[in-house]
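Asks: predicted model and sequence follow; I will ask about them next.
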Amino acid sequence: MGNRSSRDLKLKKQTVFNSWVYRIPALCYNEDQTLLAFAEKRKCQDDTSSKHLVMKTGTIKEENSKKTIEWSDFKEVKNAHLDGYRPMNPCPVYDRDNRTLFLFFTCVEGTVSEQWQIDNRTNKTRLCFVTTTDIGHSWSTVTDLTDTLSEIRQWATFAVGPGHGIQTESGRLIVPLYAYCISMDKCSCPNPYVFCLYRDKNDSWHLGKPLKKKSLECEMAEISDGKLYCNARSKGGYRVEALNMETLKETNMLVETGGGCQGSVVSFPAHIKAADCEPKWLLFSHPTDRSKRIDLGVYLNKSPMKPKAWRKPWIINRGPSGYSDLAHIGDGWFVCLMECGEQRETEQIASVLFTYDDLK
């Protein structure tokens, strides 16, 4: 059954998106102690049926040293739209310097599928974002970056995240993405590779170098000395891990699920201060079964430079589990937004709140 563990966290789930077909959770936490949750609203389960991006805000409440989340009603992010295209893959990143949330997403023409674009080596996807400075009460008009990035002309198709982007301590904004690169493969069918989209203060957006190992949906986290850790979906048996976009070797501690599944990673301040202790640790969420999307677990790594240092997972949702997104909300508290259900993992998107002490 792969990298499984009998250790369960008995956590209270709160339904965030339900009663329709919602998929692809994304989560962002800002300095005002507000959570912003995003998802795709679809007509059906099919990826080509996405209609709108939707959101909720979550307010952190604390009483007797216990935290809870109070979720708002949901609303559509109507500005996240291009005529004739469907919005997909929400990927928020918060700029603390300008107190601005960027919501990145892709817009795909009509009902064109990702596989059609790959087979025909013809990109029908555009790279877009909208911004808000008032936690989603109002949004800017859409910005389409597609024609400003020449690299996209060499892609059969691509997608951001999904999940969250990050801002580094230096102020750089980083949005994870993967692309099927025509120029990198001589074969007739292009393969996927991870990139990062980044912007420094008062600069334009740029694309970094690709990860030179086949890799798909991804998230990134900053660890010690400004190093960038990447964790990506794989078509193999284990997750792809990289440091500063160089693939790490011997990464066989985090199993991949069946044909692959998105996962989430966050860094957070170490809970032990010692000379030989890394200043930041990592937490990773993903289904723990080798073949099925079930039993969502969280994995801890106290030495992020060492792929062998991942602990066995704690199960935070027993049963059908799919995509997820993590947020560290300070003082050792975490929120996970996840696809889950009784019969299948796409029945609802729910949140769970837990602490580092729970993990111990």
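Replies: Perfect, thanks for sending it.
Asks: going forward, measure contacts between C-alpha atoms and count neighbours the same way
Replies: Fine.
Asks: got any ranges where the protein has weak pLDDT?
Replies: Low-confidence segments of the chain, defined by pLDDT under 70: 1-6, 185-187, 274-276.
Asks: any idea which residue is closest to the centre of it?
Replies: Central residue check for the chain by C-alpha atoms, centre = their mean: the C-alpha nearest the mean position is that of G163, 2.2 Å away.
Asks: hey, what's the closest residue to that one other than its chain neighbours bridged with?
Replies: The shortest distance from G163 to any residue that is not its chain neighbour, by C-alpha to C-alpha, 6 or more residues apart in numbering, is 4.3 Å, and that residue is A26. Taking DSSP bridges as the rule, A26 bridges to F38.
Asks: just give me the neighbour total for A26.
Replies: Taking other C-alpha atoms under 10 Å as the criterion, the count of residues near A26 is 30.
Asks: I'd say it and D325 touch.
Replies: Yes. With contacts counted by C-alpha atoms under 8 Å, A26 reaches D325, the gap being 5.6 Å.
Asks: can you give me the strands in the stretch 51-200 of the chain?
Replies: In the stretch 51-200 of the chain, the segments counted as strands under DSSP state E, counting those that start in this stretch are 66-71, 75-76, 85-95, 100-109, 125-132, 143-144, 155-160, 166-167, 173-181, 191-199.
Asks: could you redo the ones you listed as TSV and give each row distance to I223 and mean neighbour count?
Replies: TSV is the format used below for the strands of the stretch 51-200 of the chain (distance: least, C-alpha to C-alpha, whole Å; neighbours: other C-alpha atoms under 10 Å):
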stretch	distance to I223	mean neighbour count
strand 66-71	26	15
strand 75-76	34	16
strand 85-95	17	25
strand 100-109	22	24
strand 125-132	26	22
strand 143-144	30	16
strand 155-160	21	27
strand 166-167	12	22
strand 173-181	14	25
strand 191-199	16	22
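Asks: out of those strands, flag the one nearest L35.
Replies: Set against L35 and scored by C-alpha to C-alpha, the strands of the stretch 51-200 of the chain come closest in strand 66-71, at 8.7 Å.
Asks: contacts for the closest one, please.
Replies: Judged by C-alpha atoms under 8 Å, 6 or more residues apart in numbering, the contacts made with strand 66-71 from elsewhere in the structure are 16, 56-62, 353.
Asks: strands paired with it, and their directions?
Replies: Strand pairing for strand 66-71, determined by DSSP bridges: strand 50-63 (antiparallel).
Asks: hey, C-alpha coordinates of the strand it pairs with in CSV?
Replies: What follows is strand 50-63 as a C-alpha-only set of coordinates in CSV (Å, rounded to 0.1, in the frame of the first residue of the first chain):
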residue,chain,number,x,y,z
SER,A,50,-15.3,24.4,-15.8
LYS,A,51,-17.6,27.5,-15.7
HIS,A,52,-16.3,29.9,-13.0
LEU,A,53,-13.8,30.4,-10.3
VAL,A,54,-15.4,30.7,-6.9
MET,A,55,-14.1,31.9,-3.5
LYS,A,56,-14.8,32.1,0.2
THR,A,57,-13.1,34.0,3.0
GLY,A,58,-12.3,32.4,6.3
THR,A,59,-11.9,34.3,9.5
ILE,A,60,-9.8,32.7,12.3
LYS,A,61,-11.5,32.8,15.7
GLU,A,62,-9.7,31.9,18.9
GLU,A,63,-11.2,31.0,22.3
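Asks: what angle separates that strand from strand 100-109?
Replies: Compare the direction of strand 50-63 with that of strand 100-109 by axes from the mean of the first three to the mean of the last three C-alpha atoms, to 10 degrees and you get 150 degrees.
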